[in-house]
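Undergrad: got a structure for you, letters missing:
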């Protein structure tokens with residue numbers, strides 16, 4: 001799979017290892033040992049994927065995410081030794097698409113990278129036949145794009161997958177366990193990630209995220225997508 005990947009990692013042995021795996025897959029890599037230099041480079045360059053450590057000299061990974069996702073929708077995969085729930089939730093909240101903890105399995109890391117790149121590379125086009133309309137929004141299932149009129153609304157890979165899953169359940173309530181199993185493809189994991197992504201979706205979709213119209217909380221059960229005909233105008 002050909003792709004350009006930026007690696008932001010201050011431990012050379014680690015960046016060299018990741019670079020080796022990526023080059024075996026035919027990917028081009030650019031490596032930085034600090035976030036400041038990476039941000040400067042990214043002003044004039046657009047990679048397909050960014051691999052980001054959290055613990056960096058100077059600006060840390062959270063600060064980088066907060067700045068970079070205001071100017072680009074390039075997917076970001078966190079590769080970090082910090083594996084607390086708080087760190088993972090914070091990274092997702094700042095816009096990271098995936099989180100892989102160190103030490104990692106090379107096979108798992110490459111699988112996550114390939115999945116994000118497939119989503120990125122399939123997102124450049126889409127036909128009207130794949131459009132889902134709800135409220136003022138159009139979701140194209142081929143290009144993975146969400147638009148409000150002519151305005152594009154950035155969705156991360158997980159945000160897109162959760163939104164599409166909820167839409168496809170046709171108004172039925174889905175538990176966090178069901179959403180996690182479907183979107184993450186695993187029976188086990190941190191279910192708080194589901195709530196984090198739902199909150200991120202609400203901020204992008206809802207006029208008032210505290211009183212959502214499209215993604216409703218069914219207390220004690222989970223979440224449901226409210227079809228257009230049920231939305232109060």
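TA: Received the coordinates, thanks. This structure is a prediction, so every number in the text was calculated from the model and none was measured.
Undergrad: model confidence score at residue 8, please.
TA: The confidence metric pLDDT takes the value 98 at residue 8.
Undergrad: which phi and psi values does it adopt?
TA: When quoted as degrees, to the nearest 10, the phi and psi of residue 8 stand at phi -120, psi 100.
Undergrad: which residues of this protein fall in helices?
TA: 12-24, 35-42, 61-68, 85-93, 106-121, 157-168, 176-184, 192-205 (DSSP state H).
Undergrad: those helices: which one's closest to residue 225?
TA: Smallest distance to residue 225 across the helices of the chain (CB to CB): 3.9 Å, for helix 157-168. Quick note: C-beta positions are derived from backbone N, CA and C, even for glycine.
Undergrad: show me what counts as buried in the closest one.
TA: Residues 157, 158, 159, 160, 161, 162, 163, 164, 165, 166, 167 are the ones in helix 157-168 that count as buried (16 or more other CB atoms under 10 Å).
Undergrad: and for stretch 171-184?
TA: For stretch 171-184, by 16+ other CB under 10 Å, it's 174, 176, 178, 179, 180, 182, 183, 184.
Undergrad: re earlier: CSV for the helices of the chain, including distance to residue 6?
TA: What follows is these, written out as CSV (distance: least, CB to CB, whole Å):
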stretch, distance to residue 6
helix 12-24, 11
helix 35-42, 6
helix 61-68, 10
helix 85-93, 17
helix 106-121, 12
helix 157-168, 17
helix 176-184, 25
helix 192-205, 23
